[in-house]
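Asker: Need the 3D shape of this:
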Amino acid sequence: MPDTASLAPVPAAPAAEAPRPALSVVVPAYNEEAVLDAFHARLAAAMDRIGLPWEVVYVNDGSRDGTLARLLALRAADPRVALVNLSRNFGKEIALTAGLDHAAATDAVVVIDADLQDPPEVIPELVAAWREGYDVVYAQRTARHGEGWFKRLTAAAFYRLMQHVGGRVELPKDTGDFRLMSRRAVDALLRLREQHRFMKGLFAWIGFPSRAVRYERHPRAAGTSKWNYWRLWNLSLEGITSFTVAPLKIATYLGLATSVIALLYGLQVVVKTVLFGNPVAGYPSLMTVVLFLGGVQLMTLGIIGEYLGRVFNEAKQRPLYIVERHLPSGSPAAEAEPPRPPGGAAAAAPVRAAG
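Answerer: From the prediction side, this is the model:
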């Protein structure tokens, strides 16, 4: 009689996990349908020259055009493409964080925009500087082609301001998000899970040996900029309030100076009344003082409110983002995990422990 034990089915060996790439390129995208094909072609050519296995992580930040369809097509044609599709538009700073969360690189991660203002051909220079032993290699602009004089002026003024009020955090001037970070620098960055994210400041806050690679910024290859002056103004407020309490100190000193001026004016009124009587005239000066003091108080309350609102948002402890679907690189689309209903385990964004 045959041995029944020998006829039992042999469990299949688990499939070997695909090797992780050495480099990841994180690309946030919002309504970038017109430029994605050209960007990916130039990116692939630049990355292939480096000679290391790589992937690109595209983050679709709730685009309203055909960006998602183009990214799915790129992924079907190139197995090195990974896709993170967010459930809605969360903003570039959050989308960038989502891409870093899902970057599988073992050695280093590159951050770049999809609009081709930052040329992918600079990436090999960043990698060369990283191989010299630097953890952070940031691309520093020597020229900003395609931008008006007013935008260049305000951008330069903002970077100079942050260098003076940023305290111990030294924000490199004329530097955007385009950079390379070592794996340990990325892991340190991902421990910072604050809601109000000013990524340029967070890049600088983590420290590590850094070096600049200078380049010329190009005009947009297609499409229009998503950063109008109102959004740039709000981003500058994020940067200032996230990395310095200087506005609160200014409000304190302004209140102190106003109190001293009001005291001196009050003494002058008392002396004048004792010596010359108390005429009814003086309504214009009285209104001037009242309106001035009221304006100072409202401005001070506004500054306090900006900081209080950030404390309120941090106290809610909501996840930074929600992932609608994640298609990793190197795996067929059919094997990727389908999106789950809202509230499922896959809906929550990965949050790393702040160890």
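
Asker: make it CA atoms for all contacts and neighbour counts henceforth
Answerer: Noted.

Asker: Point out where the stretch 101-250 of the chain drops to low pLDDT.
Answerer: 144-169, 218-249 (pLDDT under 70).

Asker: all helices for it, in order.
Answerer: If DSSP state H, counting those that start in this stretch is used as the criterion, the helices of the stretch 101-250 of the chain fall at 123-131, 149-165, 183-189, 199-205, 229-243, 246-276.

Asker: In PDB, list the C-alpha atoms belonging to the helix or strand hosting residue 56.
Answerer: Under the criterion DSSP states H and E, the helix or strand holding residue 56 is strand 54-60. Taking C-alpha atoms only, strand 54-60 is exported to PDB below (Å, rounded to 0.1, in the frame of the first residue of the first chain):
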ATOM      1  CA  TRP A  54      15.900  52.600  -9.500                       C
ATOM      2  CA  GLU A  55      12.200  53.300  -9.300                       C
ATOM      3  CA  VAL A  56      10.000  56.400  -9.700                       C
ATOM      4  CA  VAL A  57       7.200  57.000  -7.300                       C
ATOM      5  CA  TYR A  58       4.500  59.200  -8.800                       C
ATOM      6  CA  VAL A  59       2.000  60.700  -6.300                       C
ATOM      7  CA  ASN A  60      -1.300  61.800  -7.900                       C
END
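
Asker: Give me the mean pLDDT for it.
Answerer: Across strand 54-60, pLDDT averages out at 92.

Asker: Now do it: which elements does it pack against?
Answerer: The helices and strands touching strand 54-60, judged by 3 or more CA pairs under 8 Å, 6 or more residues apart in numbering; DSSP states H and E, are strand 23-29, helix 67-77, strand 81-86, helix 92-102.

Asker: average pLDDT for the first one?
Answerer: Just to be clear, that refers to strand 23-29. Mean pLDDT, strand 23-29: 92.

Asker: Paired strands for that strand, with orientation please.
Answerer: Sheet pairing of strand 23-29 (DSSP bridges) gives strand 54-60 (parallel), strand 108-111 (parallel).

Asker: among those strands, which is the most enclosed?
Answerer: Greatest average neighbour count among the strands paired with strand 23-29 goes to strand 54-60 (a mean of 28), per mean count of other CA atoms under 10 Å.

Asker: before we move on, the earlier item: with distance to residue 47 as added columns, please give the strands paired with strand 23-29 in TSV.
Answerer: Converted to TSV, these look like this (distance: least, CA to CA, whole Å):
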stretch	distance to residue 47
strand 54-60	7
strand 108-111	11
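
Asker: Figure out which of those is closest to residue 264.
Answerer: Closest approach to residue 264 among those (CA to CA): strand 108-111, 55.9 Å.

Asker: Residues touching that closest one, excluding its own?
Answerer: By CA atoms under 8 Å, 6 or more residues apart in numbering, the surrounding residues in contact with strand 108-111 are 22-27, 100, 103, 123, 177-183, 186.

Asker: Buried among these? Make that a PyMOL selection.
Answerer: Entered in PyMOL, the line below selects the buried ones among these, by 16 or more other CA atoms under 10 Å:
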select buried, resi 22+23+24+25+26+27+100+103+123+177+178+179+180+181+182+183+186
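
Asker: first vs last residue of stretch 94-111, how far apart are they?
Answerer: End-to-end distance of stretch 94-111 (CA to CA, to the nearest Å): 13 Å.

Asker: Same question for stretch 322-330.
Answerer: End-to-end distance for stretch 322-330: 23 Å, by CA to CA.

Asker: If you count neighbours, what's buried in it?
Answerer: For stretch 322-330, a neighbour-count test (16+ other CA under 10 Å) marks 322, 323, 324, 325, 326, 327, 328, 329, 330 as buried.
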